[in-house]
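1. Sequence first, predicted model second:
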Amino acid sequence: MTHDLVVQEGHTYVGYLWFQNDIAPNVTQSTINAHASLQFPGYVLGSTTADATLSAANTVPHKVWASMGISTGDPRRELEIDPAKGSAKLNVGGRANGTRISWADLTSDQGALVGCDAQDGALPGDSRCAGSIEFQFTVTTPSISVEPTVFGGSGQSFSTKSGKDETLDTRVTNRTDDPMTEITMSTRLPSGISFVDNVWIRRSDPSGDQQDWIRAATNDYGITGNLLFVHLARSDPLVPHGAIDVSFHVLIGDAATACGGSWQKIKNWAQHDDVTVESDLIASIDGTC
């Protein structure tokens, strides 16, 4: 991927996810069903990573990983990262050059098909088919932010294993100078991970002082299948630059585990008025074959 990057508010950047069939020089066999997947953050608080995988059905190993560090240059500085979802395209020496890539496909667990002469998953082992997926993103300051973590951890990823009970904490912060009411927070779990407990809420003021945890009222949240929806600050406004933490338990099930391990994306959103921000929490789950 693009080298590590220090971003600034109001700037637009171009990222590259590089790929090639690294087969022996005297062999031209094509990959089968080659996909590129990008786990791209919706915000950065101090520093974070964008993580990418390239996989194919007939390669050893079947999947390889790469990461790009993204930093604000200040561990206390938070910025929103807004991808230009129509900007992703293939850069290759074959006829597929310039093909537009679906952002939804690219950021899915499976990823988007890549290719050289067509977007068909075939990458011959010659140099003209080494290329990249190019995409653009703009960096801004959000009015609201959502920051998911696992209890006792930090950052936007954690390691776990099948059968383990994990506590997930999500912080929603008012980034403006005005009080906020009617905020909503949502979490969608991937297949194989399930909600197992009540929802707890805690407020923090701008100085960092925290109230005690309280159980959320039953009419302030709902769980439907793998989706949690929480109403925040309905009648008691969230003070400027204050935060609300939402905590709940999940169970890592066998269905979330694959041979050799897997990455699972836990999606999180916060919304106020017409502003919606999102951020993913990546669970790296140990697996056995």
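-> Done, it's in.

2. Which element, helix or strand, includes the residue nearest to residue 111 when sequence neighbours are not counted?
-> Spatial nearest neighbour of residue 111, excluding adjacent residues (CB to CB, 6 or more residues apart in numbering): residue 37 at 3.0 Å. Every C-beta, even on glycine, is put in place using the N, C-alpha and C of the backbone. Using DSSP states H and E, residue 37 maps to strand 35-39.

3. and that strand, what other elements does it pack with?
-> strand 12-19, strand 47-55, helix 103-106, strand 112-113, strand 131-140 (3 or more CB pairs under 8 Å, 6 or more residues apart in numbering; DSSP states H and E).

4. Low-confidence stretches in the stretch 1-150 of the chain?
-> Where the stretch 1-150 of the chain drops to pLDDT under 70, the residues are 1-3, 24-28.

5. For residue 19, see how far away the spatially closest residue to residue 237 that is not a sequence neighbour is.
-> Using CB to CB, 6+ apart and skipping the chain neighbours, the partner closest in space to residue 237 is residue 179 (3.6 Å). Taking CB to CB, to the nearest Å as the measure, residue 179 falls 48 Å from residue 19.

6. These two: which is more packed in?
-> Taking other CB atoms under 10 Å, residue 179 and residue 19 do not tie; residue 19 has more neighbours (25 against 13).

7. For the nearest residue to residue 92 once chain neighbours are set aside, list the residues it contacts.
-> Of all residues not flanking residue 92 in the chain, residue 131 sits nearest, at 3.5 Å (CB to CB, 6+ apart). Counting by CB atoms under 8 Å, 6 or more residues apart in numbering, residue 131 touches 18, 19, 20, 90, 91, 92, 93, 97, 114, 116.

8. My guess is residue 83 contacts residue 137. True?
-> Yes. At 4.4 Å, residue 83 counts as touching residue 137 under the criterion of CB atoms under 8 Å.

9. can you list residues touching both of the two?
-> With CB under 8 Å, 6+ apart, residue 83 and residue 137 have common neighbours residue 40.

10. quick check: longest strand of this protein.
-> strand 78-91 (DSSP state E).

11. which parts of stretch 204-211 are buried?
-> Neighbour-count burial for stretch 204-211 flags residue 204 (criterion: 16 or more other CB atoms under 10 Å).

12. From start to finish, how long is it in a straight line?
-> With CA to CA, to the nearest Å as the measure, stretch 204-211 spans 6 Å from end to end.
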